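**Q** sequence plus predicted model, see below.
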Amino acid sequence: MVVTAERTPLYDEHVRLGAQMTNFGGWVMPLQYSSIREEHRAVREAVGLFDLSHMGELRVKDESLAQRVVTRDLTRLKPGRIQYAMLCNEAGGIIDDVLAYAMSDRGYLLVVNAGNQDADFDWIRSKAPSPAGGGQGGGPVVNVGREWALIGVQGPRAVGLVQRLTTSELGGVKYYAFIEGKVANVPCLISRTGYTGEDGFELFCGTSDAALLWRTLLDEGQSDSIRPAGLGARDTLRLEAGMRLHGNDIDATTNPLEAGLEWTLSLDKDFIGRNAIVQARERGLGRVLVGFKMLDRSIPRHGYAVVENGRTVGTVTSGNVSFTLGYNIGMAYVPPALAAPGTGFGVDVRGTAAPAEVVALPFYKRPHPK
Amino acid sequence: MPDLSAMRFAETHEWVKKDGDTATVGITQYAQSQLGDVIYLELPAVGQRLDAGARLGVIESVKAASDLYSPVGGEVSEVNHDLKDHPEYVNEDPYGKGWVIKLRDVKDNPKLLDQKAYEAFVQGQSGS
């Protein structure tokens, strides 16, 4: 079998900008354009532009189906609002983490991870009342991921930049809310969300409009010192913001309680995995996800062991330099006894137990949240 | 641009420049571009003896940790302490202020490539 990585509608733009490309979740994506450090800084201090078109979008029209597969009670979500939630298997393991958008037609849009989109689609469809009738067209769930592009505009100057390109009044669009409108004359779903810890928007548009929207944002953003930013900066930014990465920090073998995501669960409704999660809570958790900082210069990485008194007691799931904070940070699963902020443990860096200390998540909060 | 014709290169993308019986070692322009932003280097102690091809330390970029190998044998006479606070020198000036270590009592390594051969080697790697 030949597996070919898919290209987003902005592939040619990335090549034109000289990006270093990488394979991520089955897609060829920009890893960096110039420097991860500089792209990271641009998002924290000015504005960065991200191609997120690899992300998947699933339309779930059937409310009871959506309620059954998503961990959160979506009936409480007003049209135009967005919630972060999980898809869990029967054992309570996290199949994917998603953003659920309540659409005006009572249906939902689930924005899912690139590498999971086809598996998520098949899984949700298999949970529909009559899976045989579900197709690409009129079924209870439709995969629109390859018809839509997604462009992230993130940073303190993002809102002002997008506002200059639209007649929609963006001041009224709260965090985790969205409207339909036009940006640079391109019909968009304008969503005040992000994966960077900064204010900004994520713009969903048709694939054929993506290059126009991308170029217009880059041109108009010159006066804001905009920079295109790749997956490298996206990862260092989301880590500072304490946001989990599916496949690294959470996966089908971890449950939302261990991952510190209990707030994404509506345990008073029935959803797939609920009973297993309730039972896990009653049994007590064997491990929990914590944030930590290194006390020396060494850099923690995914898969490194957490050690205490010479024994392996946990695993690092994410780690890197924090450009904003000036020290190295990570997330790890550790026994609950080691989870309180201020607790020390070691991280096995090439055979040496490098000293680390638990700190509260997120590592970084933007100065003036709106 | 430094004079690369006076340097020799390893297929693991380190350079070495001899000056009498001492030698300076660093990583190549190609290596730094592949690593991306360098954030930390783990370097040997002065006085440590290294064989040609031995691991001399670790270079960490935002993307990954990678081993560094000594292109020639010798005894570490100096390490670039500036890199502790300025690891970005490796990106900005890999053949200059981004040098990594100096060696004395140098044992030559006949397997090293000259500039032309190294450039051809890199072409072959990035083209495949």
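**A** Okay, I see it.

**Q** send the alpha carbons of stretch A:167-174 over as CSV?
**A** Provided in CSV are the C-alpha atoms of stretch A:167-174 (Å, rounded to 0.1, in the frame of the first residue of the first chain):
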residue,chain,number,x,y,z
THR,A,167,-17.9,44.5,8.2
SER,A,168,-19.1,42.1,10.9
GLU,A,169,-18.7,43.6,14.4
LEU,A,170,-16.2,41.3,16.0
GLY,A,171,-16.2,42.9,19.4
GLY,A,172,-19.4,41.1,20.3
VAL,A,173,-18.0,37.7,19.4
LYS,A,174,-17.0,36.3,22.8
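
**Q** for chain A, longest strand please?
**A** strand A:311-322 (DSSP state E).

**Q** what residues does it touch?
**A** The contact list for strand A:311-322 (C-beta atoms under 8 Å, 6 or more residues apart in numbering or on different chains) reads A:235-236, A:239-240, A:245, A:248-249, A:287, A:289, A:299-307, A:327-335, A:338, A:345, A:347-348, A:363-364, B:39-40, B:62. For every residue, glycine as well, the C-beta is placed using N, CA and C.

**Q** ditto for stretch A:263-275
**A** In contact with stretch A:263-275 (C-beta under 8 Å, 6+ apart) are residues A:67-73, A:83-93, A:97, A:127, A:255-256, A:277-278.

**Q** list the buried residues for whichever strand or helix holds A:Val153?
**A** Here A:Val153, judged by DSSP states H and E, is contained in strand A:148-154. Residues of strand A:148-154 classed as buried by neighbour count (16 or more other C-beta atoms under 10 Å in any protein chain shown): A:Trp148, A:Ala149, A:Leu150, A:Ile151, A:Gly152, A:Val153, A:Gln154.

**Q** now swap in stretch A:90-97 and tell me
**A** Quick answer for stretch A:90-97 (16+ other C-beta under 10 Å): A:Gly92, A:Gly93, A:Ile94, A:Ile95, A:Asp96, A:Asp97.

**Q** now distance to chain B, pLDDT and secondary structure too, for these, in TSV please.
**A** Shown next, in TSV, are the buried residues of stretch A:90-97 (distance: C-beta to the nearest C-beta, whole Å; pLDDT from 0 to 100; DSSP: H, G, I helix; E, B strand; the rest coil):
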residue	distance to chain B	pLDDT	secondary structure
A:Gly92	33	98	coil
A:Gly93	28	98	coil
A:Ile94	26	98	strand
A:Ile95	28	98	strand
A:Asp96	25	98	strand
A:Asp97	23	98	strand
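
**Q** out of those residues, which one sits closest to A:Lys174?
**A** Lowest distance from A:Lys174 to the buried residues of stretch A:90-97 (C-beta to C-beta) belongs to A:Asp97, with 21.2 Å.

**Q** for chain B, see how far away A:Phe271 is.
**A** Distance of A:Phe271 to chain B, given as C-beta to the nearest C-beta, to the nearest Å: 37 Å.

**Q** just say helix, strand or coil for that residue.
**A** Of the three states, A:Phe271 takes coil under DSSP: H, G, I helix; E, B strand; the rest coil.

**Q** ok, the one 5 residues further on next?
**A** Classification of A:Ala276 into helix, strand or coil gives helix, according to three-state DSSP.

**Q** how many residues are close by it?
**A** 16 (other C-beta atoms under 10 Å in any protein chain shown).

**Q** got it, and the one 5 residues further on?
**A** Using other C-beta under 10 Å, the number of residues around A:Arg281 comes to 15.

**Q** need phi/psi at it.
**A** phi -70, psi -40 (degrees, to the nearest 10).

**Q** run through the residues that contact the closest residue to it other than its chain neighbours.
**A** In this structure, A:Arg281 finds its nearest non-sequential neighbour in A:Leu257, 5.8 Å apart by C-beta to C-beta, 6 or more residues apart in numbering or on different chains. Going by C-beta under 8 Å, 6+ apart, A:Leu257 touches A:Ile277, A:Ala280, A:Arg281, A:Leu285.

**Q** which bits of the stretch 151-300 of chain A sit near chain B?
**A** A:Gly232, A:Thr236, A:Arg297, A:Ser298, A:Ile299 (C-beta under 8 Å from any C-beta of the partner chain).

**Q** what bits of the chain have low per-residue confidence?
**A** As the question left the chain open, I've gone with chain A. For chain A, applying pLDDT under 70 flags the ranges A:1-3, A:130-138, A:369-370.

**Q** chain B was what I was after
**A** For chain B (pLDDT under 70), the answer is B:1, B:127-128.

**Q** got the residues of it near chain A?
**A** Going by C-beta under 8 Å from any C-beta, the residues of chain B near chain A are B:36-37, B:39-40, B:42, B:58, B:60, B:62-65, B:84, B:88, B:91.

**Q** take these and keep only those in helices.
**A** B:Lys84, B:Asn91 (DSSP state H).

**Q** strands - which of the residues of chain B next to chain A land there?
**A** Those of those lying in strands (DSSP E): B:Ile39, B:Tyr40, B:Glu42, B:Val58, B:Glu60, B:Ala65.

**Q** most neighbours, which of the residues you listed?
**A** B:Glu60 (24 neighbours).

**Q** so what's that one up against?
**A** Here B:Glu60 is in contact with A:Ile299, B:Val38, B:Ile39, B:Tyr40, B:Leu41, B:Glu42, B:Ser66 (C-beta under 8 Å, 6+ apart).

**Q** check contacts around the nearest residue to A:Asp209 once chain neighbours are set aside.
**A** Excluding the flanking residues, the one nearest A:Asp209 by C-beta to C-beta, 6+ apart is A:Val186, at 4.3 Å. Taking C-beta under 8 Å, 6+ apart, we find A:Val186 in contact with A:Cys205, A:Gly206, A:Asp209, A:Leu212, A:Leu213, A:Thr216.

**Q** from A:Gly221, how far out is A:Val186?
**A** Look at A:Val186 and A:Gly221: by C-beta to C-beta, to the nearest Å, they are 15 Å apart.

**Q** residue ranges of the strands in chain B, please?
**A** With DSSP E as the criterion, chain B has strands spanning B:8-9, B:14-19, B:22-27, B:38-42, B:49-50, B:55-61, B:65-69, B:73-79, B:101-107.

**Q** follow-up on the earlier one: the residue nearest to A:Arg281 and A:Gly314, how far apart?
**A** From A:Leu257 to A:Gly314 the distance is 16 Å (C-beta to C-beta).

**Q** ditto for A:Gly342
**A** Remark: distance between A:Gly342 and A:Gly314 (C-beta to C-beta) = 17 Å.

**Q** more neighbours, those two?
**A** The neighbour comparison of A:Gly342 against A:Gly314 (other C-beta under 10 Å) goes to A:Gly314, with 22 against 8.

**Q** beta partners of that one?
**A** Beta bridges link A:Gly314 to A:Val306, judged by DSSP bridges.

**Q** with that, I have no additional questions.
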